[in-house]
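Enquirer: Sharing a sequence plus its predicted fold:
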Amino acid sequence: MINNFALFFRPKHIEELAGQKHLSAENSPFYKLLKAGSMSHALFFGPAGVGKTTLARIVANELDLPFFELDATSIKVEEIRKILSQYKNALQKPLIFIDEIHRLSKTQQEVLLLPMENHEMILIGASTENPYFVLSSGIRSRMMLFEFYPLEESDLRAIIERVRKVVTCTIDEEALHYLVSSSAGDSRSLLNLLEFALKVDLHVSLETLKSLRPSALKDGVSSDNTHYNLISAMIKSVRGSDVDAALYYLARLIDGGESPDFIARRLVILASEDIGNANPNALNLSTSTLTAVSKIGYPEARIILSQCLIYLACSPKSNSAYQAINDALSYVKNEKALKVPEHLQSPSPKGYLYPHDFGGWVEQSYSEKPLHFYRNLPIGFEKTLNEWLEKIKSVQR
């Protein structure tokens, strides 16, 4: 029996990669760069077991580069310096792959900047976290970012067929379904379960699989039901001010293993898009929630998410800010650019009226022609803002 299915059945060529068609298809930018030998520093981010390490190895193989696989949890700066010194005067530069790259300290990340800038290596990092929250801007600006997605059922079934071509075995249909559905889009999880099931018996039954994995892995972002539909239902329930329905969908997301950061980011967007200036504090609370859950994590993050969600659901709603910027952007894209009036240009020439010299407001033109994007609503604090604006202008009049 083959040991370590995950390693043995790992694809050697990009055409064999399961899923990730946006990267492996012949017309994809990544595929074209790879085949042209123009690969640069890159970050692969996405859930576990979807091909990040495999693709890094494929890149090294395709470009015939020395490959070094490091783990950020145990890496030492001296290891990287030693590798770079080995290839200092070599024509081929090494490809250094750092798994869990988001675990590097700030100092360790800074050490990488100069070798990246000077092309002393090709650096590929892998992370299960959002790079915009866990990596320094210096690292990100030097890397191309490629997102990986959970594998689909068809991808996982294709992997099973690859195994069956090498290992003579039989798998009951219900066992096959459980093998796929319980692996939550994770090829490593699937191959590990299949390997040990085959060590028990070359005929794989549902009973054998459930004895090895009693319940399905939490599918979190891997399932349309728990990801797209549930997050959509939660947002729409908050927008509709149904607190209990919103809490139900939040609980489903948490129970499904959805990242607290992902949920919090959606609440931040909602706070601005659907509440806006009707309750400006909604944005403050939601951004605080995002910061808090990123530092704390589950299980306590559930309480913070609940507090924020209840507050947002109970807040007055307005999409004025959302509509205003959309209308302004549409105007900019579809209409001729307006000339900035001379009295507003920099440095301020004669003709500009400084509002503070007139008690805070003075009537003057701020655009070449009248514009009207913001339609204020008499809702919550937005009503107060309307009153302030009218008061400011009426005093001078």
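Expert: Everything's here; your move.
Enquirer: Give me the below-cutoff pLDDT ranges for the stretch 251-397 of the chain.
Expert: 348-349, 395-397 (pLDDT under 70).
Enquirer: Spell out the residue ranges of the helices in it.
Expert: Assignment of helices within the stretch 251-397 of the chain using DSSP state H, counting those that start in this stretch yields the ranges 260-270, 281-296, 301-314, 320-334, 380-396.
Enquirer: Where does Phe108 fall, secondary structure wise?
Expert: No Phe there; residue 108 is Gln. helix 106-117 (DSSP states H and E).
Enquirer: Name the next helix or strand following that helix along the chain.
Expert: Taking DSSP H and E, what comes next after helix 106-117 is strand 122-127.
Enquirer: Mind listing what's buried along whichever helix or strand comes after that following strand?
Expert: Beyond strand 122-127 on the C-terminal side, the first helix or strand identified by DSSP H and E is helix 131-134. Of the residues in helix 131-134, those buried by neighbour count under the rule 16 or more other C-beta atoms under 10 Å are 131, 134. No exception for glycine: its C-beta is placed from N, CA and C like everyone else's.
Enquirer: Repeat that for stretch 85-103.
Expert: Those buried within stretch 85-103 under the rule 16+ other C-beta under 10 Å are 87, 93-103.
Enquirer: which two from those residues end up farthest apart in space?
Expert: Tyr87 and His102 (25.7 Å; C-beta to C-beta).
Enquirer: hang on, the earlier thing: now secondary structure, distance to Ser259 and pLDDT too, for the buried residues of stretch 85-103, in a markdown table please.
Expert: Listed next are the buried residues of stretch 85-103 as a markdown table, based on DSSP: H, G, I helix; E, B strand; the rest coil; distance: C-beta to C-beta, whole Å; pLDDT from 0 to 100:
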| residue | secondary structure | distance to Ser259 | pLDDT |
| --- | --- | --- | --- |
| Tyr87 | coil | 37 | 90 |
| Lys93 | coil | 35 | 89 |
| Pro94 | coil | 33 | 93 |
| Leu95 | strand | 29 | 95 |
| Ile96 | strand | 27 | 94 |
| Phe97 | strand | 24 | 95 |
| Ile98 | strand | 21 | 94 |
| Asp99 | strand | 19 | 92 |
| Glu100 | coil | 15 | 90 |
| Ile101 | helix | 17 | 91 |
| His102 | helix | 13 | 88 |
| Arg103 | helix | 16 | 88 |
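Enquirer: so, if you compare the residues you listed, which one comes nearest to Leu55?
Expert: Once C-beta to C-beta is applied, the member of the buried residues of stretch 85-103 that ends up nearest Leu55 is Phe97, at 9.8 Å.
Enquirer: picking that back up, in the helix holding Gln108, which residues are buried?
Expert: Quick answer for helix 106-117 (16+ other C-beta under 10 Å): 108-109, 112, 115-116.
Enquirer: Tell me the one among these nearest to Ser294.
Expert: Gln109 (17.3 Å).
Enquirer: For the stretch 51-200 of the chain, which segments are assigned as strands?
Expert: Counting by DSSP state E, counting those that start in this stretch, the stretch 51-200 of the chain has strands at residues 67-71, 95-99, 122-127, 144-147, 170-171.
Enquirer: I'd like the distance from the closest residue to Asn4 other than its chain neighbours to Val293, if you could.
Expert: Using C-beta to C-beta, 6 or more residues apart in numbering and skipping residues adjacent in sequence, the residue nearest Asn4 is Glu195, 7.5 Å away. Separation of Glu195 from Val293 (C-beta to C-beta, to the nearest Å): 36 Å.
Enquirer: Looking at those two, which one has more neighbours?
Expert: Using other C-beta atoms under 10 Å, the more surrounded residue of Glu195 and Val293 is Val293, with 25 against 19.
Enquirer: Could you pull up the residues touching the more buried one?
Expert: 260-261, 263-264, 301, 304-305 (C-beta atoms under 8 Å, 6 or more residues apart in numbering).
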